[in-house]
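> Next come a sequence and a model predicted from it.
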There are 2 protein chains.
Amino acid sequence: MQQIADAADINKSMLHYYFRSKSDLYEAVFGHAVERFMASFDHDALRDADSFAELLRRFIDGYVAFCQAHTDIMQLIVSENLRGGPLLGEHLQRLEKTGEKAPPHIFRSAIESAIETGEIRPVDPDQTLLTIIATCIFPFVARPTAQIMLSPTASDWDAFLQARKEHIFDVVYHGLKHPAVSSPPPA
Amino acid sequence: MQQIADAADINKSMLHYYFRSKSDLYEAVFGHAVERFMASFDHDALRDADSFAELLRRFIDGYVAFCQAHTDIMQLIVSENLRGGPLLGEHLQRLEKTGEKAPPHIFRSAIESAIETGEIRPVDPDQTLLTIIATCIFPFVARPTAQIMLSPTASDWDAFLQARKEHIFDVVYHGLKHPAVSSPPPA
DNA sequence: CCCCGATTTAACAACTTGGTTAAACTATTT
DNA sequence: AAATAGTTTAACCAAGTTGTTAAATCGGGG
């Protein structure tokens, strides 16, 4: 608490004044992180995409960029997940009530639409969503290992991420789209 | 240390007797976890696969199964990664010296071969490896969130993982293989 | 001007932590 | 039987933890 107060350039007593206990403080911080994290699913560029391919590309770009810019937030959320995440329940359900639709649900329904129009193969939307998120987030979660085992050194990390966006889109979209046809498959 | 000693059903003094300090103990445990984790890349079933598709399928099955059976090991490794992983360097390099080839490298060269034979498209092996690992591990890293936002409740978690193996193979292999041709592409 | 909330300061209490120490006891080996 | 390594017990210490308390200080609005 002392260190937190110092870093925030306020007084330790003030911390207890506004946040009764350390766990209260953590919960507040975590709630803030969850909101920002969820909001990252839902930026304007996603709304005016004329194809699923375009939507997917923008989603990947935005998502990786968010993790890149706010590594701390992402780490906090992953960390809470690793712990078993007792707080996740409350906060996620709170967001589902507040916003009409939780951000990831938007993308999921986009997947379902794309299946109906025949742009992509019939896949499980949940699994697909998880796959996309996983490929975007994981480099940040396992960054030290990735940097040791794969080629990228710390210096060209940004370049690696740039290439990653393209790779994810490339592999995932090829993995989802209908093979060699652009129209819906035979019923 | 007291709790650890109790859980191990030994005496607290014994812990300091064998492991001088808590960080020594942690390092030993972590090293053990790394070895087991790396070994999971390298099981016999991988060696006699007659196609990249079969290799990929077996790798995914084995990897998800490992995470399922040894969640604690995986959590420890991910956790250390999140912390910035100062220990990862030593242990990973130690393994690279010991074993002739680090396990993930085997799979990477398999990707390269499959590219040469034309079974799959020319993709970045590093990125591809990271993608496959990410899709396998991430459900465990983000399990609480996944269970809240996606359909699976705790009871059918195993069924979800079973379906996940198939989904990963389905999407990733479709994403990698050459579209509609089984022979190498025109030079 | 005075009051009141926000803020600071500093000391303090209760408790947990990692780690040490010394003495006694046990089992095995020589 | 004697020596030795492993093991237990229990008390203890220094440092760090969260959290509390009370008094002093500051700043603005009625």
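Okay, I see it.
> Point out the residues in chain A that sit beside DNA strand D.
A:1-3, A:12-13, A:16, A:20-23 (C-beta under 7 Å from any atom of the strand). Any C-beta I mention is one placed from the backbone N, CA and C, and that applies to glycine too.
> Pipe those into JSON lines and attach secondary structure per row.
Formatted as JSON lines, those follow (DSSP: H, G, I helix; E, B strand; the rest coil):
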{"residue": "A:1", "secondary structure": "coil"}
{"residue": "A:2", "secondary structure": "helix"}
{"residue": "A:3", "secondary structure": "helix"}
{"residue": "A:12", "secondary structure": "helix"}
{"residue": "A:13", "secondary structure": "helix"}
{"residue": "A:16", "secondary structure": "helix"}
{"residue": "A:20", "secondary structure": "coil"}
{"residue": "A:21", "secondary structure": "coil"}
{"residue": "A:22", "secondary structure": "helix"}
{"residue": "A:23", "secondary structure": "helix"}
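> quick one: which of those residues is nearest to chain B?
For the residues of chain A next to DNA strand D, the residue nearest chain B by C-beta to the nearest C-beta is residue A:3; the value is 16.6 Å.
> Count the neighbours of that closest one for me.
A count of nearby residues for residue A:3, using other C-beta atoms under 10 Å in any protein chain shown, gives 8.
> next one: the one 3 residues further on
Using other C-beta under 10 Å as the criterion, residue A:6 is surrounded by 11 other residues.
> What pLDDT is listed against it?
On pLDDT, residue A:6 comes in at 89.
> residues touching it, list them.
Counting by C-beta atoms under 8 Å, 6 or more residues apart in numbering or on different chains, residue A:6 touches no other residue.
> try 10 Å
residue A:12 (C-beta atoms under 10 Å, 6 or more residues apart in numbering or on different chains).
> what distance separates the one helix or strand it maps to from the centre of its chain?
Using DSSP states H and E, residue A:6 sits within helix A:2-8. From the chain centre to the centre of helix A:2-8 is a distance of 29 Å (C-alpha atoms, centre = their mean, to the nearest Å).
> can it be found next to DNA strand C?
No. Taking C-beta under 7 Å from any atom of the strand as the criterion, helix A:2-8 and DNA strand C are apart, separated by no less than 8.4 Å.
> any idea how far residue A:108 lies from residue A:128?
According to C-beta to C-beta, to the nearest Å, residue A:108 and residue A:128 sit 8 Å apart.
> remind me, longest helix of chain A?
As assigned by DSSP state H, the longest helix anywhere in chain A is helix A:157-176.
> What angle do helix B:157-176 and it make with each other?
Relative orientation of helix A:157-176 versus helix B:157-176 (axes from the mean of the first three to the mean of the last three C-alpha atoms, to 10 degrees): 100 degrees.
> of residue A:108 and residue A:128, who's got more company?
Legend: neighbour count by other C-beta under 10 Å for residue A:108 and residue A:128, higher for residue A:128 (24 against 18).
> Which strands or helices does the lowest-mean-pLDDT helix or strand in chain A pack on?
In chain A, no helix or strand scores lower on mean pLDDT, DSSP states H and E than helix A:86-98, which sits at a mean of 82. Under the contact definition 3 or more C-beta pairs under 10 Å, 6 or more residues apart in numbering or on different chains; DSSP states H and E, helix A:86-98 sits against helix A:22-39, helix A:71-82, helix A:103-117, helix B:143-149.
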